[in-house]
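Colleague: here's my sequence, what's the structure:
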Amino acid sequence: MKLLVTGGTGYIGSHTCVALMDQGYSLIILDNFSNSKSSVLENLRKLNDNFIFYNIDVTDKKAVEQVFSKHEIDGVIHFAGYKSVEESVVEPLKYYLNNVVSTMILVKVCKKYNVNKFVFSSSATVYGENKVPFKEEMELLPTTNPYGETKAMSERILMDVAKADPNFSVSILRYFNPVGAHESGLIGENTKGIPNNIMPYISKVAKGELDKLKIYGNDYPTPDGTGVRDYIHVMDLAEGHVAAYKHLSKGVHIYNLGTGKGTSVLELVQAFEKANGMKVPYEIVERRPGDIAVCYADVSKAEKELGWKAKRNLIDMCRDAWRFESSI
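Modeller: Alright, predicted model coming up:
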């Protein structure tokens with residue numbers, strides 16, 4: 001089986017590539033390193049080299065078509081997209097142009113080349129301020145940021161395509177908060193500039209590259225006032241993609257990928273300190289625009305239909321994240 005993976009050198013994409021290759025899949029990886037580093041390819045090859053790589057922007061329809069014309073592709077897993085909630089509020093057009101247009105181009109090319117299996121990287125952000133735990137059948141509310149809107153729009157596009165074409169099989173995976181790294185320490189979350197996500201920020205503070213962790217708000221209606229999220233180990237998330245692809249059938253199938261348990265920012269910091277035997281200095285600052293108080297998943301559907309369940313705990317996540325960070 002030959003799968004095309006967009007955004008395959010990114011954080012979640014690279015870990016999913018490893019999980020797929022470990023299951024015997026041959027991959028074609030597309031990425032333009034807009035939020036990743038070329039060194040990821042070298043480290044991927046150390047883990048498994050069953051892939052071909054193209055440096056391509058997925059909004060470039062001509063370049064994407066050339067790849068499809070060269071290879072017999074069985075299915076697509078689409079990760080490529082900008083992912084900072086904060087940046088999307090400041091630069092909404094950047095997010096709509098990249099995230100929505102890339103999905104439309106990819107689906108259009110899939111249809112032209114009769115590729116009917118499609119797994120989409122979505123987000124729990126699409127639930128907006130629904131009541132927790134978030135369930136797949138909930139009506140999507142207007143989200144609190146443009147990033148979430150781009151994911152909701154892409155989901156609707158895929159649903160409409162599947163409705164118009166009964167042969168099209170789509171799995172939409174709504175992630176919660178991926179953290180951690182591959183147990184080898186070779187790949188992990190290593191974005192450019194100051195991290196937008198909490199775990200690499202914590203790791204860089206622990207490493208001494210940043211002075212202190214900024215915790216955005218401690219006045220939320222939560223037990224300790226800090227935001228509550230459903231943190232999931234990135235390798236559990238990666239294995240969820242493998243399960244979703246293996247179980248693809250005609251129509252649209254939506255799954256939450258999380259642990260089903262909420263953890264506050266302060267609890268995450270304490271887990272990191274416990275796992276790695278170090279202190280992480282922090283300061284409380286103002287809330288970020290676009291953030292909500294509590295976000296965690298009902299994950300029963302994925303367990304029932306895909307036979308998938310998160311296996312790794314918070315200590316595993318923190319230990320693996322630090323192993324990667326301390327190696328770079």
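Colleague: could you identify the longest helix within the chain?
Modeller: For the chain, the longest helix by residue count, based on DSSP state H, is helix 146-164.
Colleague: tell me the spacing between Ser38 and Leu27.
Modeller: 17 Å (CB to CB, to the nearest Å). Quick note: C-beta positions are derived from backbone N, CA and C, even for glycine.
Colleague: the more surrounded of these two?
Modeller: Leu27 (22 against 11; other CB atoms under 10 Å).
Colleague: assign the more buried one to helix, strand or coil.
Modeller: strand (DSSP: H, G, I helix; E, B strand; the rest coil).
Colleague: ok, Ile12 - contacts?
Modeller: Listed by CB atoms under 8 Å, 6 or more residues apart in numbering, the contact set of Ile12 reads 79, 121, 175, 178, 234, 237-238.
Colleague: what about those residues, which are in strands?
Modeller: Residues of the contacts of Ile12 located in strands (DSSP state E): 121, 175, 178.
Colleague: of these, which is the most crowded?
Modeller: Counting neighbours by other CB under 10 Å, Ser121 leads the ones in strands among the contacts of Ile12 with 26 neighbours.
Colleague: how much space separates the residue nearest to it when sequence neighbours are not counted from Lys274?
Modeller: For Ser121, ignoring the flanking residues on the chain, the nearest one in space by CB to CB, 6 or more residues apart in numbering is Phe79 at 4.5 Å. Going from Phe79 to Lys274 by CB to CB gives 31 Å.
Colleague: between those two, who's got more neighbours?
Modeller: Counted by other CB under 10 Å, Phe79 and Lys274 do not tie: Phe79 has more neighbours, with 25 against 13.
Colleague: need the pLDDT of the spatially most central residue of the chain.
Modeller: In the chain, the C-alpha nearest the mean C-alpha coordinate belongs to Ile12, at 4.9 Å (CA atoms, centre = their mean). Looking at Ile12, its pLDDT reads 97.
Colleague: roughly how far out does the helix or strand harbouring it sit from the chain middle?
Modeller: Assigned by DSSP states H and E, Ile12 belongs to helix 11-22. Mean C-alpha position of helix 11-22 versus that of the full chain (CA atoms, centre = their mean, to the nearest Å) differs by 11 Å.
Colleague: do stretch 25-36 as well
Modeller: For stretch 25-36, the distance to the chain centre is 14 Å (CA atoms, centre = their mean).
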